[in-house]
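Colleague: This is the structure alone, sequence omitted:
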C-alpha cells in the first residue's frame, strides 16, 4: 500500500491508500501510550557522578556509579 500510495499520481487514490495504511496500523498496534509519566528526583550535592542518571533515558543501572564526595564539593 505504501508503494502504491507513493507511485500513484491521482491524489484521491493516494489518499485512499494512505488511509488504508493508517487503518491497518491502527488496528494492529500492540500498545498506545497516551502519556509520558513525569517524575521529579532530588539528590544531595554530596552525591557525585549522578548527572548521567538524570539524562533523557533515566538509566537506573547508573546508580551503581554514584558515590559520596567530600562535604566541601
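Modeller: In hand now; what should we look at? This one's a predicted model, so the numbers in the text were calculated from it and none came from an experiment.
Colleague: Grab the nearest non-local neighbour of residue 14.
Modeller: residue 8 (4.5 Å; CB to CB, 6 or more residues apart in numbering). In short, each C-beta sits where N, CA and C put it, glycine included.
Colleague: pLDDT score assigned to that neighbour?
Modeller: If you check residue 8, the pLDDT there is 86.
Colleague: Just give the number of residues close to it.
Modeller: 15 (other CB atoms under 10 Å).
Colleague: Is the nearest residue to residue 2 once chain neighbours are set aside within a helix or a strand, and which one?
Modeller: Nearest non-adjacent residue to residue 2, counting by CB to CB, 6+ apart: residue 21, 6.1 Å away. If you go by DSSP states H and E, residue 21 is part of helix 11-28.
Colleague: contacts for that helix?
Modeller: 1-2, 4-5, 8 (CB atoms under 8 Å, 6 or more residues apart in numbering).
Colleague: Tell me which strands the following helix or strand past that helix pairs with, and in which orientation.
Modeller: Using DSSP H and E, the helix or strand that directly follows helix 11-28 along the chain is strand 47-48. Strand pairing for strand 47-48, using DSSP bridges, gives strand 67-68 (antiparallel).
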